[in-house]
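Enquirer: What follows is a predicted structure for the sequence shown.
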Amino acid sequence: MISNCFPDRSSHPVCPNDRQEIEEEGGFYADKAWARDILSLRIKCQQNSRGCEWIGQLRYAEEHQEECPYEHVPCSACQGSIQRRLLGTHLKDECPKRIVECVYCEDEFFFIEKQPHEDIYCKRFPLVCENNCGHDEIPREEMASHVSEKCLMTVVLCPYSEAGCPFEDKRAYLKDHLEVSVDGHLEMAWNSLILAKKEISTMKDKFYEVQEVNQEMKESVAECRSELRELSAAVNKLVKENVGQKKFNQVITEKIKIVEAKIPQKTTPEAYGIPVNETMRRSPRVVIGKTVTGGLTSVDRIKLQKDALDAQRKLLQSYTRPSLNNTD
Ligand SMILES: [Zn+2]
Ligand SMILES: [Zn+2]
Ligand SMILES: [Zn+2]
Ligand SMILES: [Zn+2]
Ligand SMILES: [Zn+2]
């Protein structure tokens, strides 16, 4: 028996002759001579049905399988299963993931991207003119300029349309139109030139008017500025005077306080040398801020007030009033 008869060692091996179970330990042994005989047997290649004609010893079968041209192997690009002998052709001409170059723009991409490239992206892919003018090899990126600048089927305006020519037709007819309309175009151009001249003249007049208004406005702004400066100076002067006045008022207030302090505190008519009777005592009167006990006649009151005012005036005269001119 040879060990290869029992590939699955996990199940109990049986003798192929009498189907008796064979012990695992010591029940069989590797028969090297027989193994050599078996390995020397001649066999056909597994891919014989596909066309491989290899016949050789069993010992070389595995070696052959690794290089058999009919054996399937994975394509390195698309991972598809391909016979070894066809791999070169597959990679060169058939593989959907083979790299191809665009014949129009020389871009490179996978073969499966060729169709969308040509249908949408290729800038140099030749197209038939959109206007069906007969050109059929216009690169995609030049189609727009062909239609707008060259295509004879595009509807165009006459170059003199700005001057009033109503021509609007296929470019193919423009040449004839220009040839037969020389006089008409000249007249249109002349008329529009005259019109333009008039417009320029009108615009010039308007320009001068605007310039004049502009000058007036400039002068008026200058006047306003000067008035503003004067007003501002006047306001400044008033503010300064106000400050001077306030200072003066403060000085006067202080001086009045000093004068009041110096006025004799006469509180009764007797103090002024006026005889007082009982009626006067019962009705106190107020004379320039001081309470006088007892009633006084109006002559008395005036006399009292006059005396007090005289005293104040005398004191005030001893001070000079600050000059407002100094604050300018
Ligand atoms: Zn083979
Ligand atoms: Zn492939
Ligand atoms: Zn391309
Ligand atoms: Zn065209
Ligand atoms: Zn025209």
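Expert: All right, it came through fine. Ligands and ions are numbered 1, 2, ... in the order given.

Enquirer: Could you confirm whether stretch 113-131 reaches ligand 3?
Expert: Yes - looking at stretch 113-131 against ligand 3 by CB under 5 Å from the ion, the contacts come from Cys122. Every C-beta, even on glycine, is put in place using the N, C-alpha and C of the backbone.

Enquirer: so how far does that stretch reach from one end to the other?
Expert: Taking CA to CA, to the nearest Å, the first and last residues of stretch 113-131 lie 29 Å apart.

Enquirer: Contacts for it, please.
Expert: Residues outside stretch 113-131 that contact it (CB atoms under 8 Å, 6 or more residues apart in numbering): 100, 102, 104-105, 107, 109, 135-141, 143, 146-147, 151, 153-154.

Enquirer: Contact partners for Ala311?
Expert: Listed by CB under 8 Å, 6+ apart, the contact set of Ala311 reads Val259, Lys262, Ile263.

Enquirer: In terms of helix, strand or coil, where does it fall?
Expert: Applying DSSP: H, G, I helix; E, B strand; the rest coil to Ala311 yields a three-state assignment of helix.

Enquirer: Quick check, pLDDT for it.
Expert: In this model, Ala311 is scored at 81, pLDDT.

Enquirer: Helix, strand, or coil at Tyr29?
Expert: At Tyr29, secondary structure determined by three-state DSSP is coil.

Enquirer: OK, now which residue of the stretch 101-250 of the chain is nearest to ligand 1?
Expert: Nearest residue of the stretch 101-250 of the chain to ligand 1, counting by CB to the ion: Phe111, 29.6 Å away.

Enquirer: Isn't that residue up against Glu101?
Expert: No - counting by CB atoms under 8 Å, Phe111 sits too far from Glu101 to count as a contact (10.6 Å).

Enquirer: Mark which of the contacts of stretch 113-131 are buried, thanks.
Expert: For those, a burial check counting by 16 or more other CB atoms under 10 Å picks out Cys102, Cys105, His135, Ile138, Arg140, Met143, His146, Val147, Cys151, Thr154.

Enquirer: nearest to ligand 2, of the residues you listed?
Expert: Relative to ligand 2, and with distances defined as CB to the ion, the nearest of the buried ones among the contacts of stretch 113-131 is Cys102, at 20.0 Å.

Enquirer: Ile43: what's it in contact with?
Expert: Ile43 neighbours (CB under 8 Å, 6+ apart): Ile55, Gly56, Gln57, Leu58, Ala61.

Enquirer: so it is in which element?
Expert: Using DSSP states H and E, Ile43 sits in strand 42-44.

Enquirer: State the mean pLDDT of that strand.
Expert: Strand 42-44 carries an average pLDDT of 95.

Enquirer: Run the chain-centre distance for it.
Expert: 78 Å (CA atoms, centre = their mean, to the nearest Å).

Enquirer: What is the neighbour count of the nearest residue to Ser76 once chain neighbours are set aside?
Expert: Counting by CB to CB, 6 or more residues apart in numbering, Leu91 is the residue found nearest to Ser76 once chain neighbours are left out, at 7.8 Å. Number of residues near Leu91 (other CB atoms under 10 Å) recorded here: 17.

Enquirer: can you check the one 5 residues further on too?
Expert: Around Pro96 there are 14 other residues, counting by other CB under 10 Å.

Enquirer: Which residue, neighbours along the chain excluded, lies closest to it?
Expert: Distances taken as CB to CB, 6+ apart place Ile112 nearest to Pro96, at 4.5 Å, with adjacent residues excluded.

Enquirer: So for the one you found, what pLDDT did the model give?
Expert: According to the prediction, Ile112 has pLDDT 95.

Enquirer: Please enumerate the helices of this protein.
Expert: 32-39, 61-65, 87-89, 114-116, 143-145, 174-180, 182-262, 278-282, 298-317 (DSSP state H).

Enquirer: Ligand 4: which of these is closest?
Expert: helix 143-145 (8.6 Å).

Enquirer: ok, and what's touching the closest one?
Expert: Counting by CB under 8 Å, 6+ apart, Leu127, Cys129, Glu130 sit against helix 143-145.

Enquirer: touching ligand 4 at all, it?
Expert: No - judged by CB under 5 Å from the ion, helix 143-145 makes no contact with ligand 4; its nearest approach is 8.6 Å.

Enquirer: Contact residues of the chain facing ligand 2?
Expert: So the chain meets ligand 2 at Cys75, Ala77, Cys78, Gly80, Cys95 (CB under 5 Å from the ion).
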